[in-house]
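S.K.: Here you go, sequence then predicted model.
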Amino acid sequence: MMSRLISPKLMQALQQDFFPLLCSIQKPVKSQSTSGQEIKTWTDMPALGNIPCRVKATGGDEKRLPNEIYAITTHRIALAGVFAELKSEMRAVVNGTVYDILLPEVDSEGFATYLNVRVVK
């Protein structure tokens, strides 16, 4: 068994300073209009609401996706905890700002989940 470098008790005590904001995750719900066009709406995921987080601007990092499309990451969100169920088709909402999740990553220590995101305009 691997020992952790970061004490969970220490992080719990420091959480307010490290993760001063709250994040909610939304998933897409697809339906069709009467004319047959796809309509995408967003719904909150109750189990993934009010997650302590920190948001950092990245300055616009370009990432190459497998299908040759470039995605510009504008921010990186650090979530307190491991959320392996997050997917790139989901959204994160922090203080009313909506972000498309481009790449979710869980750290190797099991301390945090990092989201490479872009602002939805």
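M.R.: Structure's in. What do you need? Because the structure is predicted, anything quoted here is derived from the model rather than measured.
S.K.: Phi, psi for Asp17 please.
M.R.: Dihedral pair for Asp17: phi -80, psi -40, per degrees, to the nearest 10.
S.K.: which residues does it contact?
M.R.: Under the criterion of C-beta atoms under 8 Å, 6 or more residues apart in numbering, Asp17 has no contact partners. C-betas here are computed from N, CA, C, even on glycine.
S.K.: And the pLDDT for it?
M.R.: Turning to Asp17, the model gives it a pLDDT of 81.
S.K.: any idea how far it is from Pro52?
M.R.: Separation of Asp17 from Pro52 (C-beta to C-beta, to the nearest Å): 11 Å.
S.K.: Kindly report the same for Ile25.
M.R.: Taking C-beta to C-beta, one finds Ile25 at 13 Å from Pro52.
S.K.: quick one, which of the two is more surrounded?
M.R.: Ile25 (23 against 17; other C-beta atoms under 10 Å).
S.K.: who touches that one in this structure?
M.R.: Taking C-beta under 8 Å, 6+ apart, we find Ile25 in contact with 44-45, 48-49, 51, 83, 86, 90-93.
S.K.: Any idea what Asp100 is bridged to?
M.R.: Beta-bridge partners recorded for Asp100 (DSSP bridges): Arg91, Arg118.
S.K.: That one - how many residues pack around it?
M.R.: Residues near Asp100, counting by other C-beta under 10 Å, number 18.
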